[in-house]
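1. how would this look folded up:
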Amino acid sequence: MNIGVNTWVWTSPLTDGDLERLAPQVAAWGFDVIELPVEQPGDWDPARAADILAEHGLKATVVLVMPPGRELVASGAVKETQDYLRHCMDVAVTVGSPVIAGPAYASVGRTWRMSPGERRAACAELRENLKPLVDHADVRIAVEPLNRYETSLINTVEQALDALPPGVDLALDIYHMNIEEKDPAAAVRSAAGRIAHVQVCGTDRGAPGQDRFDWPAFTRALRDAGYAGPLVIESFTAHNQSIATAASIWRPLAPSQDTLAVEGLAFLRTL
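-> The predicted structure follows:
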């Protein structure tokens, strides 16, 4: 599998200057993929990014971001959120990403209690609001389950498979799966054919491999499920106030962010 890293390891929001600085270093370390968050349209120039990545031989993946105000369920902001997701798909086409990945259903941190009937209605609304996006571009939409502290709608692979319409796939994130799945490898196998993206990190959000997670079982399950995309390290810096607060990063997770990336890459290559 190709190995990638998200620019959130170092900075947020991403800018053209950040990418010009990070891309050659990421390529020199031996990464295959660099992951580009679209926090706000216009933060960085997709055409310029495509040129930078081509210069350094890097592939791209694109992640969507769901702050307060971006909602596809029980909200008056559905149209604006759909427009934002279409923009992310257009960006993905420009930079050559086969996917946009993230929690494309509700803003991160939004939680509310639901009866079984209310949950069924919310999932039905989500399906209807995702369907118009499926054919917008030749890009897979990969919806990410989050842990219970960040959403009350989709926490597990099983819930995601129940909630998503045909043509919309899954993004798996080990950090969330380690909290919510009784058996992460079994959850992966249950999603065979629907996994479009995988993000990885240590169970503390640090470097992959410096934890108790059963990495060999997880990667075997990915192969059994037919996943052929990259493993992308997603972690965050404690030095950026807004993203550290949003991701609850209250302490350094490695001696340096570079160390987190390089040691994570070295471990993932062993798999």
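2. Run through who's touching stretch 113-124.
-> Stretch 113-124 has contacts (Cβ atoms under 8 Å, 6 or more residues apart in numbering) with 73-74, 152-153, 162-163. C-beta: built from backbone N, CA, C; applies to glycine.
3. Mind doing that once more with 6 Å?
-> Applying Cβ atoms under 6 Å, 6 or more residues apart in numbering, the external contacts of stretch 113-124 come out as 73, 163.
4. swap in stretch 134-152?
-> With contact meaning Cβ under 6 Å, 6+ apart, stretch 134-152 is reached by 86, 89, 92-93, 99-104, 106, 108-109, 111-112, 154-156, 160, 164, 167-171, 173, 176, 179-180, 196-197.
5. Mark which of these are buried, thanks.
-> Buried members of the contacts of stretch 134-152, scored by 16 or more other Cβ atoms under 10 Å, are 89, 92-93, 99-104, 106, 108, 154-156, 160, 164, 168-171, 173, 176, 180, 196-197.
6. Please determine how far the residue nearest to residue 38 when sequence neighbours are not counted is located from residue 247.
-> Distances taken as Cβ to Cβ, 6 or more residues apart in numbering place residue 88 nearest to residue 38, at 5.0 Å, with adjacent residues excluded. Note on residue 88: its distance to residue 247, by Cβ to Cβ, to the nearest Å, is 20 Å.
7. Quick one: mean pLDDT for stretch 238-256?
-> Averaging pLDDT along stretch 238-256 yields 83.
8. hey, where'd the helices end up in the stretch 51-200 of the chain?
-> Assigned by DSSP state H, counting those that start in this stretch, the stretch 51-200 of the chain shows helices spanning 78-95, 116-130, 157-163, 174-180, 184-190.
9. which one of these lies closest to residue 212?
-> The minimum distance between residue 212 and the helices of the stretch 51-200 of the chain falls on helix 174-180, with 9.2 Å, by Cβ to Cβ.
10. how far is that closest one from where the chain is centred?
-> In terms of Cα atoms, centre = their mean, to the nearest Å, the centre of helix 174-180 is set 13 Å apart from its chain centre.
11. again with stretch 48-59
-> On Cα atoms, centre = their mean, the centre of stretch 48-59 falls 20 Å from the chain's centre.
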